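Undergrad: next input, structure requested:
(chains A, B, C and D)
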There are 2 protein chains.
Amino acid sequence: MPRMGVVAGSDTRERILAEALEAFGTNGFEATSLDDLAEQLGVRKQTILYHFGSKSDLFMATIDAAVGELGEAMVEAGRGRTGWSAVESVVNTVFRIAVREPARLGLLRETTRLGGEWANRMRESLTPVIEKARLFLTLEMRRGNMRQTDPNLVLVSAYSTVMGVATEVEVLRAVGIEPTLREAVKRRRELLRFLEAALVA
Amino acid sequence: MPRMGVVAGSDTRERILAEALEAFGTNGFEATSLDDLAEQLGVRKQTILYHFGSKSDLFMATIDAAVGELGEAMVEAGRGRTGWSAVESVVNTVFRIAVREPARLGLLRETTRLGGEWANRMRESLTPVIEKARLFLTLEMRRGNMRQTDPNLVLVSAYSTVMGVATEVEVLRAVGIEPTLREAVKRRRELLRFLEAALVA
DNA sequence: AGGTCTGTCTACCAATTGGTAAGGGCAAGG
DNA sequence: CCTTGCCCTTACCAATTGGTAGACAGACCT
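TA: The predicted structure follows:
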């Protein structure tokens, strides 16, 4: 039987995935009900269950999509660049994502919070990207372009910093920084200076 | 199951608060049910409601307690110190808390995620501490002991980094760092070098 | 002894949750 | 035309949730 190949077919699945990413990343797993999700999509809850089987499966699919695309974007940003320019490019890319789709980074954080099997899955998706980054750092250190330290710890620090600066909105407010685009640009520049000072020899 | 509590001075309230901190900080607000909480305390849910009125009120009380003590600890750690030594002392203190009571930092993060009135409340509790820190940084910069940058952004970066390095367990695992005590010590040392390189002129 | 206050409990409840069962519309294709 | 498979729906449900109402036991006070 030929699969229903007509173009106009159901984009419902994709729409669900997008909305789920938004909801899970913003409000968290438990606080996102399938009914609400369905209502926002103008669809019944059973439609969601039809496409994804269960809430857990939906969440897992969301992780795969979100992490996958994020990883690709990062690898793409670093491709063909070397030294500080590569770091800069990756940070810029992640920052752009953080501003345009904050829920995507929020989902990462939510997943680490939930732990268990889901976190494993995310970790596996993320591993190749991290491996690339580690290789890059090791090389740069050996070349003397970067401070000689444990690349793993550098990665964690950088990740945490980017993630935090990009998503800890309330903390930003606490120090008097409003989450506007203009401020985001300033923050990114400052973050880069911060990283450069810490990393570049 | 008949259960009779002969209690002299009600430490129940304190026990609830402690357990709530652990649960909210680890599993989040929505994923923490009053029934579960009560069961872990060997108490009925209505006892919790008697002491705190509602789940929201309990959460708010938890924030107040957690943030209050954290702030005190940080102020205490910085008292009487100047320059890099002060930063170091504060970071050490926060790290100790992160290792011994990860749920306390988790609660902060959870609160920023929930946003709204609760985040406001946390922000207000945190403001005095942040104000102290900002003053400190401004002074150090003017004295030439630290790089001349926007103190707000430095604060955000430092906060994010400490918080992230302390709590992003899965990401740590992803780069091959197991959350053991020994590793935590290494991470702290690395974090301090990272901060020092970025901050100290 | 009797009254009041405090702390905990039992009994319930309305609402919401994720999930099952089954049916209907509709295009494809024999 | 009629079957088949896809997509989405209505109907329902058992479990769980936060919360109310009220009883009961002990401590303290008079």
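Undergrad: helices and strands of chain A: which one bottoms out on pLDDT?
TA: For chain A, using mean pLDDT, DSSP states H and E, the weakest element among its helices and strands is helix A:169-174, scoring a mean of 74.
Undergrad: all helices of chain A, in order?
TA: Counting by DSSP state H, residue ranges of the helices within chain A are A:12-27, A:34-41, A:45-52, A:55-78, A:83-100, A:102-114, A:116-143, A:151-167, A:169-174, A:181-199.
Undergrad: just to revisit the earlier point, so which bits of the least confident helix or strand of chain A are buried?
TA: Neighbour counts over helix A:169-174 (16 or more other Cβ atoms under 10 Å in any protein chain shown) mark A:169-172, A:174 as buried. To be clear about C-beta, it is placed using only N, CA and C from the backbone, and glycine gets the same treatment.
Undergrad: how much space between residue A:46 and chain B?
TA: 23 Å (Cβ to the nearest Cβ, to the nearest Å).
Undergrad: show me what contacts that residue?
TA: If a contact means Cβ atoms under 8 Å, 6 or more residues apart in numbering or on different chains, then residue A:46 has no contacts.
Undergrad: thinking again about what came up before, roughly how far is the least confident helix or strand of chain A from the heart of the chain?
TA: With Cα atoms, centre = their mean, to the nearest Å as the basis, helix A:169-174 stands 20 Å off its chain's centre.
Undergrad: just stretch A:28-38 next, same as before
TA: Counting by Cα atoms, centre = their mean, stretch A:28-38 comes out at 20 Å from the chain centroid.
Undergrad: thinking again about what came up before, does the least confident helix or strand of chain A reach chain B?
TA: Yes: using Cβ under 8 Å from any Cβ of the partner chain, a contact is recorded between helix A:169-174 and chain B, made by A:169-174.
Undergrad: low pLDDT regions in chain A?
TA: Applying pLDDT under 70 to chain A picks out residues A:1-10.
Undergrad: thinking residue A:95 is in contact with residue A:167, fair?
TA: No: the pair residue A:95 and residue A:167 fails to qualify as a contact (Cβ atoms under 8 Å) at a distance of 11.0 Å.
Undergrad: looking at the two, which is more packed in?
TA: Using other Cβ atoms under 10 Å in any protein chain shown, the more surrounded residue of residue A:95 and residue A:167 is residue A:167, with 24 against 21.
Undergrad: tell me if I'm right that that one and residue A:109 touch.
TA: Yes: contact criterion Cβ under 8 Å: residue A:167 and residue A:109 qualify, at 6.7 Å.
Undergrad: that older thread, and which of the residues of helix A:169-174 next to chain B is nearest to DNA strand D?
TA: Nearest to DNA strand D among the residues of helix A:169-174 next to chain B: residue A:170, at 22.6 Å, using Cβ to the nearest atom of the strand.
Undergrad: now do the contacts for the closest one.
TA: Applying Cβ under 8 Å, 6+ apart, the residues near residue A:170 are B:111-112, B:115, B:119, B:122-123.
Undergrad: make a markdown table from the residues of helix A:169-174 next to chain B and add distance to residue A:43 to it.
TA: As requested, these are exported to a markdown table (distance: Cβ to Cβ, whole Å):
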| residue | distance to residue A:43 |
| --- | --- |
| A:169 | 30 |
| A:170 | 33 |
| A:171 | 36 |
| A:172 | 35 |
| A:173 | 35 |
| A:174 | 39 |
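Undergrad: can you tell me the closest non-neighbouring residue to residue A:67?
TA: residue A:125 (4.3 Å; Cβ to Cβ, 6 or more residues apart in numbering or on different chains).
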